[in-house]
Each structure stands twice: as structure tokens, then as C-alpha cells.
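> The sequence isn't on hand, but the structure is:
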């Protein structure tokens, strides 16, 4: 009750009294603000996930933009014996990796060649094979091509670790206008700090020199000394001491892969029928490779389930 005997709606201290309609409007405004705040919270990025430690696993994925490692408990590596048609390649990479794991000199490796021929599968399988029964297992860290410019931050961590690392970049190549290859050159050998002794770099690529032909030709055309420009580009692949080539397989090798996978999964199927279907599968895809053989056998498994 006011001094003049009139009723008034109570309001905040030291502020004018509000009518019932004003209080109703204020409540509606508050409700709208709450809904806006909740919507913004849903749109906001999740809280940053802590980076894994090198002791958490034997394989990781590096997220350079977020400066963190993601532990990978299972790389789905195939047994080395299942990778057929690349016996020489297996022997080379396995020997190099064992030497590195044992603390002996080893080379950075570039696995280049046709798609689906087992390049990335071989890296993962060799890593798993070398670690089997080893007291100090190697750590496999996969890095995306776009994260190469952030690698110095990762190398700083690795340099301080007692573990030994295989730094792995799958499907590495560079096109016109990209300059990450310069950072990679410094990482491999040319920088002041260079690659730590406990780090080895493995990469796969469809290109032997990692750079597109048009990129090399454009640099050659624009350079004062064309030969120097080409040499500077090609010098990237020269930083890999071990070049391992992979090539398309013939029909016999392809069918041997199919038979091996069929036996591995214990599929009781008519051999001649599997052969006919496997050839039809390869013809439909226009290629014969380990990847095509694997996909065909996955198809057989799905039909047998």
C-alpha cells in the first residue's frame, strides 16, 4: 500500500515499481534470452580434448591444428604373410624398420606406385610385426599431409621422449601452389635441428617425386635456370634414402591374393566359382590389386554371413 492508499506491484529496490504487464514482458524477454544462450552453447565447439601421452599406446594420430595426439589402440594391421605379391618390398621395409628399432642406422622410406598395391598396409603390418614381443615397441604416429607445417611442434615432443617413432604420412603429394614440401625437406634432413635420431619418416605416394608433373614443368618454365628449379623440386624425394616401388599385379598374383584371403577367413567355397567371380570383380573395377582382392573377399564374406 502506497502513502496515497494505491496498490502497486513491487519492483527491485531503488527502482520504479513495474506494472503487471511490464513484469510479464520482462519474463518473456528473459525466456527468449535463455533460449538464445542455450542455442549458442549447442553451437559452440566442444571442450578441447586433452592430448594423449606417448606412453598411452603404440600408435597415434596427430592433430596438428589442435596440438594433440589421439591414441589408436588398434591399427587393423594385417599379418605380413597375408600381403602377397610384394615379397621384395616386404623384405626391404622390414629390414630397415628392424634396424631402426634396434638403434642401428636406418633410412627414411618412400613407398611409391600404383594405387591399392599395399603401400600403407605394409607400413602398418611391418610396425605390428616388429613390435611383436619387443620390450620397447616402436610408436607409429600418422600425420596428415596438411599438418606437415606443424610437425616441428610434434618433433619437439618426440625429441624429449625415450621411445622411438615411425612418423607416417599416407598418400603424400603436392600440387601447384602448395609449399608444405619445403617444410618437409627441412624436417627430413636440411634444417638446423633436423630430424631427431629417435624418429624415422615413412611416406606413401602415387608419385615417385611427390610433385605433380605440371608443378615441375611450371617451375622449369618460370625459372632463370630451369634445371636448377627442377633439381630443387626433385630434391624432396632424394631426402628419402629408401625408395620402394609398387606396381600393378598380374592375374596369377591377383588370384593368389584372393585364395590367401579366402583361406584366412575360412570360407568354404568352390575354388573355380571363386576364381570366376574374382576375375569378374576385377574386370568391373578395371584393376587388379591387393585392395581389389581384399574388397572382393569382403564381399564374399558378406554373402556367406
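Perfect, thanks for sending it. Remember, predicted model here, so these are calculated numbers, not experimental data.

> Return the set of buried residues in the one helix or strand residue 280 maps to.
Taking DSSP states H and E as the criterion, the element that holds residue 280 is helix 271-285. Residues of helix 271-285 classed as buried by neighbour count (16 or more other Cβ atoms under 10 Å): 274, 277, 278, 279, 281, 282. Where C-beta positions appear, they are placed from N, C-alpha and C, glycine not excepted.

> which other helices and strands contact that helix?
Judged by 3 or more Cβ pairs under 8 Å, 6 or more residues apart in numbering; DSSP states H and E, the packing partners of helix 271-285 are helix 251-264, helix 290-304.

> Now do the longest one against helix 271-285, angle only.
Looking back up the chat, that one is helix 290-304. Calculated by axes from the mean of the first three to the mean of the last three Cα atoms, to 10 degrees, helix 290-304 forms an angle of 120 degrees with helix 271-285.

> which residues are in contact with helix 290-304?
Contacting residues not belonging to helix 290-304 are listed as 83-86, 115-118, 121, 249, 254, 257-258, 261-262, 265, 267, 269, 274, 277-278, 281-282, 285 [Cβ atoms under 8 Å, 6 or more residues apart in numbering].

> Off-centre distance for it?
24 Å (Cα atoms, centre = their mean, to the nearest Å).

> What average pLDDT does that helix get?
Mean pLDDT, helix 290-304: 94.

> Give me the angle between it and helix 251-264.
Using the same axes, to 10 degrees: helix 290-304 against helix 251-264 is 40 degrees.

> Okay, helices next: where are they in this structure?
Ranges of helices in the chain, per DSSP state H, are 20-43, 87-101, 119-131, 151-159, 180-185, 213-222, 226-238, 251-264, 271-285, 290-304.

> Any idea which of those helices gets closest to residue 79?
Checking the helices of the chain against residue 79 by Cβ to Cβ gives helix 119-131 as the closest, at 6.9 Å.

> For the closest one, give the mean pLDDT please.
Rounded mean pLDDT across helix 119-131 is 97.

> got it, and stretch 100-108?
Per-region confidence: stretch 100-108 scores 96 on mean pLDDT.

> Ends of it, what's the gap?
Separation of the first and last residues of stretch 100-108 by Cα to Cα, to the nearest Å is 10 Å.

> List the buried residues for it?
In stretch 100-108, counting by 16+ other Cβ under 10 Å, buried: 100, 101, 106, 107, 108.

> Same check on stretch 106-122?
106-114, 116-122.

> cool, stretch 55-70 as well?
Using 16+ other Cβ under 10 Å as the test for burial, stretch 55-70 gives 57, 58, 59, 60, 61, 62, 63, 64, 69, 70.

> same deal with stretch 138-153?
Of the residues in stretch 138-153, those with enough neighbours to count as buried (16+ other Cβ under 10 Å) are 138, 139, 140, 141, 142, 143, 144, 145, 147, 148, 150, 151.

> out of those residues, which are inside strands?
139, 140, 141, 142, 143 (DSSP state E).

> related to what we said a few turns ago, pull the most distant pair out of the buried residues of stretch 55-70.
Going by Cβ to Cβ, the pair spanning those furthest: 58 and 64, at 20.4 Å.

> What is the least confident helix or strand in the chain?
Least confident helix or strand of the chain, by mean pLDDT, DSSP states H and E, is helix 213-222 with a mean of 49.

> a markdown table for the buried residues of stretch 55-70, including pLDDT and distance to residue 161?
Converted to a markdown table, the buried residues of stretch 55-70 look like this (pLDDT from 0 to 100; distance: Cβ to Cβ, whole Å):
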| residue | pLDDT | distance to residue 161 |
| --- | --- | --- |
| 57 | 93 | 13 |
| 58 | 96 | 13 |
| 59 | 96 | 15 |
| 60 | 95 | 12 |
| 61 | 95 | 17 |
| 62 | 93 | 14 |
| 63 | 91 | 18 |
| 64 | 85 | 17 |
| 69 | 92 | 11 |
| 70 | 94 | 17 |
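
> biggest strand in the chain by residues?
strand 199-205.

> Quick check: end-to-end length of stretch 93-107?
Start and end residues of stretch 93-107 are separated by 10 Å (Cα to Cα).

> if we look at it, which residues are touching it?
Counting by Cβ under 8 Å, 6+ apart, 80, 109, 111, 122-123, 126-127, 129-130, 134, 136, 138, 164, 166, 200, 202, 240-242, 244 sit against stretch 93-107.

> What is the distance between that stretch and the centre of its chain?
In terms of Cα atoms, centre = their mean, the centre of stretch 93-107 is found 22 Å from the chain centre.

> Please spell out which residues along stretch 80-87 are buried.
80, 82, 83, 84, 85, 86.

> Contacts only, for the last one.
Residues near residue 86 by Cβ under 8 Å, 6+ apart: 117, 118, 122, 246, 290.

> In JSON lines, list those residues along with distance to residue 91.
As requested, the contacts of residue 86 are exported to JSON lines (distance: Cβ to Cβ, whole Å):
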{"residue": "117", "distance to residue 91": "16"}
{"residue": "118", "distance to residue 91": "14"}
{"residue": "122", "distance to residue 91": "11"}
{"residue": "246", "distance to residue 91": "14"}
{"residue": "290", "distance to residue 91": "17"}
